[in-house]
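Asker: Got a sequence here, can you model it:
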Amino acid sequence: MQGHGNWQATQAWQDTQRQFVSWTSNNKRCTYQIRSRSYTRTYTYQWSDTAASDTVAFNAWHYGLVSFDLRGLKSGNGWTAAGTVTLPIGGGTTNQTNSSYYNDRTITWNGCIEERQTVRATSYTPLPEGAFDLDVNAPPTTAPETQWAPALGQTIYRRGTTYSDNTRSTNDITTFSAFSPNNSTECPVAATKLRQWASASDFDAYVDTLTPSGSTYHDIGLIWGARLISPTGLFASENATTARGGEIQRHVIFMTDGQADTDVDNYQAYGMAWYDRRQTDPNTVPTDGTSTSATLTEQVYARTAATCAAIKNMPNTTLWVVWFGTKNTTIENILTNCASKDRFFSAQSSAALQQTFRNIANQISQLRLTS
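Answerer: Coordinates of the predicted model:
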């Protein structure tokens, strides 16, 4: 509420009351007495001095797309995963008697990021103009569309149609009632760049930290695998050539334990799909799940196909694809097309999976010895 002084608001109101009077059996007629009254409700609002200890200056909550100053997350010219930023989004409670309901909230960044600019298309081969997220060989520039943004799941709220109707809506809403954060946010273990490991046990220890969680998005995993190995991309200065300037034989091994499984309520690399619709038609509610006809899932497979092609087009690069799970002809055909020629493998048991990786390692070793 805004303004100074006392003020009132009125509302027309009517009550109706029915009271049983009698029952006549011969004609089965019931008699009621009906009373009604009409009156006006008056609400009185009184201005309080915000200097008093028990009052809080508060207008209303506004939910919608907003911009915030995130310089608190920066460290010099770079970003720091330990950075914090204080934002006017409340203290993480919906209890209006709790003082933190009205407070600013300090957010700590966990290091995860939202993808850079993308476009909406049914096919990404050839790559559409403006699809910087799928241009795995292009490093960022000073242009904002080529850069990534910090993923701040604590700032994401599922807004409803009105304060009393939690039906999802993309419209802005202003209300005195606070919505609760209502989304699934997954931030995986940090990836590691290409490197030499001191021992197999060190490598095993790192792999053991990679605990899967959330849904299954093939595209984002392959996109970052491609960026890490690209000889001209984000890490070109570290892996364009060998230490002596020679060519590098590159291998990407992509393993998935399931078909793509999307969720429009996940806060993922492209935001929250139901609200942001960065990948799907902005005027149509996206659909999700494992069905290849779900609009969000279709996007995952289309972007995966484009990234597979980009990896196979890199010089001296082989893309190995391993499917670990129940046999599924449709998905296996998709992944077979993703892999380099004769480099798709399927395993339905742990033993078969281990043998598959031994076979891949042996073939890579033979290529190294003969090239």
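
Asker: Give me the most central residue, this protein.
Answerer: Nearest residue to the geometric centre of the chain (CA atoms, centre = their mean): Gln268, 1.7 Å.

Asker: what's it sitting at in phi/psi?
Answerer: phi -120, psi -160 (degrees, to the nearest 10).

Asker: Near the residue nearest to it when sequence neighbours are not counted, how many other residues are there?
Answerer: Using CB to CB, 6 or more residues apart in numbering and skipping residues adjacent in sequence, the residue nearest Gln268 is Tyr217, 6.4 Å away. C-betas here are computed from N, CA, C, even on glycine. For Tyr217, the neighbour count with other CB atoms under 10 Å is 25.

Asker: repeat for Val264
Answerer: 21.

Asker: Looks to me like it is in a helix.
Answerer: No: counting by DSSP: H, G, I helix; E, B strand; the rest coil, Val264 is not found in a helix; it is coil.

Asker: which ones are touching it?
Answerer: Counting by CB atoms under 8 Å, 6 or more residues apart in numbering, Val264 touches 272-274, 285-288, 296.

Asker: any idea how far Thr40 is from it?
Answerer: Distance of Val264 to Thr40, computed by CB to CB, to the nearest Å: 45 Å.

Asker: on that earlier part again, Thr216 is in contact with the residue nearest to the centre of the chain, correct?
Answerer: No: contact status for Gln268 versus Thr216: not in contact, 10.8 Å apart, counting by CB atoms under 8 Å.

Asker: Val300: what secondary structure?
Answerer: With three-state DSSP as the basis, Val300 sits in helix.

Asker: pLDDT score for it?
Answerer: Per-residue pLDDT puts Val300 at 97.

Asker: before we move on, back to that, tell me which of the contacts of Val264 fall in helices.
Answerer: Counted as lying in helices by DSSP state H, out of these, are 273-274, 296.

Asker: Can you tell me which of these lies closest to Tyr157?
Answerer: In terms of CB to CB, no member of those lies closer to Tyr157 than Trp274, at 12.4 Å.

Asker: which residue sits closest to that closest one, ignoring its sequence neighbours?
Answerer: Val264 (4.1 Å).

Asker: repeat for Leu70
Answerer: Using CB to CB, 6+ apart, the nearest residue to Leu70 is Val85, at 5.4 Å.

Asker: Now do the same for the one you found: its pLDDT.
Answerer: On the pLDDT scale, Val85 gets 89.

Asker: Distance check, it against Trp79.
Answerer: 11 Å.

Asker: With neighbour numbers in mind, choose between these two.
Answerer: Ranked by neighbour count (other CB under 10 Å), Val85 and Trp79 place Val85 first, with 19 against 16.

Asker: Just the element for that one, please.
Answerer: Per DSSP states H and E, Val85 falls inside strand 84-87.

Asker: mind listing what's buried in the next helix or strand after that strand?
Answerer: Proceeding N to C from strand 84-87, the next assigned helix or strand is strand 105-108, under DSSP H and E. If you call a residue buried by 16 or more other CB atoms under 10 Å, then strand 105-108 has these buried ones: 105, 107.
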